[in-house]
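Novice: Structure, please.
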Amino acid sequence: MALHITGDTAADALLTENPTALLIGMLLDQQIPMETAFTGPLKIEQRTGAADAAAIAGMAPEEFLEAFRQTPAVHRFPGSMATRVQTLCQALVDDWDGDAAALWTRPSAGSGTQPSGAEVLRRLKDLPGFGEQKAKIFLALLGKQYGFTGEGWREASAPYGEDGSYRSVADIVSPESLTKVREYKKAMKAAAKAAK
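Specialist: Next comes the predicted model:
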């Protein structure tokens, strides 16, 4: 399994190998191009040396913000997004022992089995910065590309889990699929604008 979201080999390798990086990329994916958001974790690692939740959460906020602001900036809103990333990482430390993958691998209480899609969706929505849509897209990404097979993940991530769709980052596996997702998003924006 290897992700191909950004077109940058090193950034994609980090996303593939590091669940915290993947979660941070998803958090950053708003009001900037998807590739920029998902290359953010690599920029953070290159500038701070940190790629795990505990190290990022433990950094001095001013130092972390400075890493976000370096050119090219990690995000167009470096102040608020640097704070959000550290808040997310602190939640991972507090609630998941710093292990982002535990969100989708730790068994449900008392079950001893892999959590269901609905359970993982609930866990994601409990994270700071993850609303319903972002949680569903991330769940679809886990199911479509990251090997998550929890019962009912497609239904829980609907409509993003739909097979053969090109709605979100969950569907990007090549430059061609990126183009299709962009076209879909552009059509949705145009439809929303026309409806006003």
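Novice: okay, CA-based contacts and neighbour counts for the rest of this
Specialist: Noted.
Novice: How is the protein divided into domains?
Specialist: 1-100, 114-124+132-196 (automatic domain parsing).
Novice: Next, the distance between the ends of the first one.
Specialist: So the one you mean is domain 1-100. Taking Cα to Cα, to the nearest Å, the first and last residues of domain 1-100 lie 18 Å apart.
Novice: chain center to that domain, what's the gap?
Specialist: 9 Å (Cα atoms, centre = their mean, to the nearest Å).
Novice: any idea of the mean pLDDT in it?
Specialist: Confidence for domain 1-100, expressed as mean pLDDT, is 95.
Novice: now swap in the shortest one and tell me
Specialist: Taken as a whole, domain 114-124+132-196 carries a mean pLDDT of 93.
Novice: Just the endpoints, please. Distance across it?
Specialist: First residue to last in domain 114-124+132-196 (Cα to Cα) measures 43 Å.
Novice: which residues of this protein fall in helices?
Specialist: All helices of the chain, identified by DSSP state H, fall at 9-17, 19-28, 34-48, 53-58, 61-69, 78-96, 102-105, 117-125, 132-145, 153-156, 175-195.
Novice: Including distance to residue 2, could the ones you listed go into JSON lines?
Specialist: As requested, the helices of the chain are exported to JSON lines (distance: least, Cα to Cα, whole Å):
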{"stretch": "helix 9-17", "distance to residue 2": "6"}
{"stretch": "helix 19-28", "distance to residue 2": "12"}
{"stretch": "helix 34-48", "distance to residue 2": "14"}
{"stretch": "helix 53-58", "distance to residue 2": "22"}
{"stretch": "helix 61-69", "distance to residue 2": "26"}
{"stretch": "helix 78-96", "distance to residue 2": "23"}
{"stretch": "helix 102-105", "distance to residue 2": "18"}
{"stretch": "helix 117-125", "distance to residue 2": "21"}
{"stretch": "helix 132-145", "distance to residue 2": "8"}
{"stretch": "helix 153-156", "distance to residue 2": "20"}
{"stretch": "helix 175-195", "distance to residue 2": "14"}
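Novice: Thank you, goodbye.
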